[in-house]
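>>> sequence plus predicted model, see below.
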Amino acid sequence: MTEPEMPENSESPATPETPKKSTIAPMRIALWVIVAGIGIFMVVTGIVGVLVKAQ
């Protein structure tokens, strides 16, 4: 398939001059902390389970 041809001097008027700074919501940070905590808990309990089973 061929790509549509774009004019060489195409500038979008909707793009602002200054880039918008991305901010992370505190709720998203809290969610990541909770998920990371659960993941670490599962890894640690798995390692402990393997070590206990090996004895």
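Perfect, thanks for sending it. It should be emphasised that the depicted structure is a prediction, and the values quoted were computed from it without experimental measurement.
>>> model confidence over stretch 43-55, on average?
Per-region confidence: stretch 43-55 scores 93 on mean pLDDT.
>>> the chain should start at 26 in everything you say after this.
Okay, using 26 as the starting number, the last item reads as stretch 68-80.
>>> alpha carbons of it, in CSV - could you do that?
Extracted in CSV, the C-alpha atoms of stretch 68-80 (Å, rounded to 0.1, in the frame of the first residue of the first chain):
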residue,chain,number,x,y,z
VAL,A,68,8.1,-12.9,44.5
VAL,A,69,9.3,-13.0,48.1
THR,A,70,6.8,-15.6,49.1
GLY,A,71,7.6,-17.7,46.1
ILE,A,72,11.3,-17.6,46.9
VAL,A,73,10.6,-18.5,50.5
GLY,A,74,8.4,-21.4,49.4
VAL,A,75,11.1,-22.8,47.1
LEU,A,76,13.7,-22.5,49.9
VAL,A,77,11.5,-24.2,52.4
LYS,A,78,10.5,-27.0,50.0
ALA,A,79,14.2,-27.6,49.2
GLN,A,80,15.0,-28.4,52.9
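>>> point to the residue nearest the middle of the chain.
W57 (9.3 Å; CA atoms, centre = their mean).
>>> and that one, what pLDDT?
97.
>>> sec struct for G71, please.
Following DSSP: H, G, I helix; E, B strand; the rest coil, we place G71 in the helix state.
>>> W57 versus that one, what's the distance?
21 Å (CB to CB, to the nearest Å). In this view, the C-beta of every residue, glycine as well, is placed from N, C-alpha and C.
>>> also A50?
Counting by CB to CB - A50 and W57 are separated by 11 Å.
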